[in-house]
Structure formats: C-alpha cells, structure tokens
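Undergrad: Give me a 3D structure for the following:
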Amino acid sequence: MQEALDVHFQGLVFRERNAGRAIDAHMSDKGFNVQIGIDPETGFPFGGNDANCGTWMDKMGSSEAAGTRGKPATPRDGSAVELVALAYSVASWLAAQHRAARFPYPGVARRHRDGSLTAWTYAQWAERIRHNFERYFWVSAAPSAADLRPDLVHRRAIYKDTHGATRPWADYQLRCNFSVAMAIAPEIFDPKHAWLALDNVERLLLGPLGVKTLDPADWAYRGDYDNSNNSDDPNIAHGFNYHQGPEWVWPIGYYLLARLAFAKENGKYAKTVAATYATLAPLVAELRSSPWRGLPELTNAGGAYCKDSCRTQAWSAATVLEALREAEALRNARTLTD
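TA: Numbers count the residues shown, from 1 in each chain. This next block holds a predicted model:
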C-alpha cells in the first residue's frame, strides 16, 4: 500500500511493456504511454491521456468503417471525480490508522531532481483535497466569478466529471460519476450543493433500473447500446456509446447512498429513506422476473432490454445491497422525522 501511494506521489512516466497490437488490438501508439501523479496544488491524483481509457468507462473504439479504431469514447484523463474521492478516502483513513498506531507510515514524500524532499502527512493530503474539491469541481447554480470555464458550462448545479482533461469540454459533461464520489467521500462536498446536484441526477439521469452514463442533452448521448453495430456512424459503431448514455445499474446504488448521506443535513431524512425503497422497487421486480435472479449490467434508454448487456452482474447487485443495508440501518436507528 505504501509503495503504491509513494509512487503516485513521486509521479511515474513509462511505456507499457510489449506495447502494440499483441496486448491491445485497437489502441493507438500514444495510448501505451502512461503518466500518473498527484497535483501538488490540489492533491488530486491525475493520469491518462486522450488516447487511452482511464477509468471504468473504458470503451475503446474499434471500427475501421466509422474511423474510431484506437479512439477511446471516454478517455476521462486528468483527475476523474470518483478517483479524487477515493484518494481522499484512502488518505484520511490511513491518517486515522497511523494515529492509532495501526499503520507505520505517516505520509508520502517526493524527491526532486535537486535532492530536496516534499513530504505530506496523510492528514495533510486529505485536507488539501478537501480544501480544493468544491473550488475545482462544483459548477454553481448561477453564473459566478468562480466559474473556471464559463464558456464550457452546459449544465449548472452539478459537479464536473473530471478536472484537467486534455479535451476541456469533457470536464463539464454531466455523468453519473459524481454520485459515486459522494458516497465514497461525502466530507469533501458542500451538503447543499450536493443535494442540488443529486436533484439533477434524479431529474436528468435516473432510469427505472439504472443511471444514464451521459446527459441526454449532450451532443454525444446515444442511449441504446449495440456492440454488433457495423455502421459507419462513429457515435455507435461497434458499441462506441457503451458509456455515452446507456443506463448502468451499479451506479444507482451509489446514487442512493449519496442521497442517504446528505439527507439529514438537508432536512429530508424520512422522505429520503422512503424514496430509497421506492427507487428499489423496480429492481425487486427485475430480480423476481430474472431467470438468473440477478440484476443486469445495464439497460438501454428508459430501462429497455439490451441484448448485449450481461444479464446478471455482481457489482449491480452489490451496490444495491449496500444501499439497502444503509437504508435499513437508518430506518432502524432512529425515528424517521425530518
């Protein structure tokens, strides 16, 4: 664990071993060049480039006819919002473990070319992320002097998907990933801002079984996934739109966990617990009707059946179970009054 964190803090630049078609049949040459690090100003982890797939949204274009071979649909390079939240979660947890004498290392250090060192304790790293998160990720509900790129703002009262992407417009796309970050690290969010953003997830992204992976008003949105599509349309050929709109099931668990995390501070405690069960009802129906007794990987637009979706997937069930467990614990812990 310590080695992995030290290497990230030091920064690492390398080319993948055996780079080429033998290890990836579609990726372009540039995609094999890897750089990771920690931004010294913000504390955010960063990495990737616009020729590689950096996170779970990992669809690499493969259509010669459509001209997408070697072009990732969603590079998500820079600092992806859920990875920033994970970094905060790790650093804050290790700070607590070190204070309790359960982890021997106090933090991380970087050696510069002149031999000098920059060292952060885990508590300092976590605080740096917390201090900078709202500034760099929150898109205010109304135009503000704090807007970093007002020319790129498409939706307001949301959290950016990434910070520092090679294609700056991609930072401002409305996706489901910030609700994942909220469930992982609610401490870095302003509760009032978080609630407004979750309202937009509910209004714009929430489907019957899952959460849209992209805003329907986005130019790249295509809600129906067909991996066998052999057209010359670059938006959908060979399933290029895997994460450009289809409604994935696993993020709904994190959406519900995020709602529960911020409900009390927004005076919505009882209503949110009740709404959690209501949101889960269609998933119960899906479980009962599924021959696999499971939840699918994703659905097409509006919860429609997707023939190329795995019909039962572990993380779909796991995150929903986690949300159900949290709702049950809250319901049993106190009287449900706002």
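Undergrad: can we go C-alpha only for contacts and neighbour counts from here?
TA: Fine.
Undergrad: Pull the number of nearby residues for residue 304.
TA: For residue 304, the neighbour count with other Cα atoms under 10 Å is 16.
Undergrad: how much space between it and residue 224?
TA: Per Cα to Cα, to the nearest Å, residue 304 is found 9 Å from residue 224.
Undergrad: just residue 157 next, same as before
TA: If you go by Cα to Cα, the gap between residue 157 and residue 224 works out to 27 Å.
Undergrad: quick one: which of these two has more around it?
TA: Set residue 157 next to residue 224 and count neighbours by other Cα under 10 Å: residue 224 wins out with 21 against 18.
Undergrad: dump the residue contacts of the closest residue to the more buried one other than its chain neighbours.
TA: Nearest non-adjacent residue to residue 224, counting by Cα to Cα, 6 or more residues apart in numbering: residue 300, 4.7 Å away. Contacts for residue 300 (Cα atoms under 8 Å, 6 or more residues apart in numbering) come out as 223-225, 246-247, 306.
Undergrad: show me what contacts residue 308?
TA: Contacts of residue 308 (Cα under 8 Å, 6+ apart): 225-227.
Undergrad: for residue 311, same thing?
TA: 292, 294-297.
Undergrad: right, and out of those residues, which lies closest to residue 42?
TA: For these, the minimum distance to residue 42 (Cα to Cα) is 34.2 Å, reached by residue 297.
Undergrad: Pick the one among the contacts of residue 311 closest to residue 277.
TA: Distance to residue 277, by Cα to Cα, is smallest for residue 295 among the contacts of residue 311, at 16.4 Å.
Undergrad: The closest one looks like it's in a helix, true?
TA: No: assessed with DSSP: H, G, I helix; E, B strand; the rest coil, residue 295 is coil; it does not lie in a helix.
Undergrad: contacting residues for the nearest residue to it once chain neighbours are set aside?
TA: Nearest residue to residue 295, sequence neighbours excluded (Cα to Cα, 6+ apart): residue 312, at 4.8 Å. Taking Cα under 8 Å, 6+ apart, we find residue 312 in contact with 292-297.
Undergrad: Could you report the pLDDT at residue 312?
TA: On pLDDT, residue 312 comes in at 97.
Undergrad: swap in residue 336?
TA: 57.
Undergrad: circling back: quick one: the residue nearest to residue 224 and residue 207, what's the gap?
TA: The value you get for residue 300 to residue 207, if Cα to Cα is used, is 10 Å.
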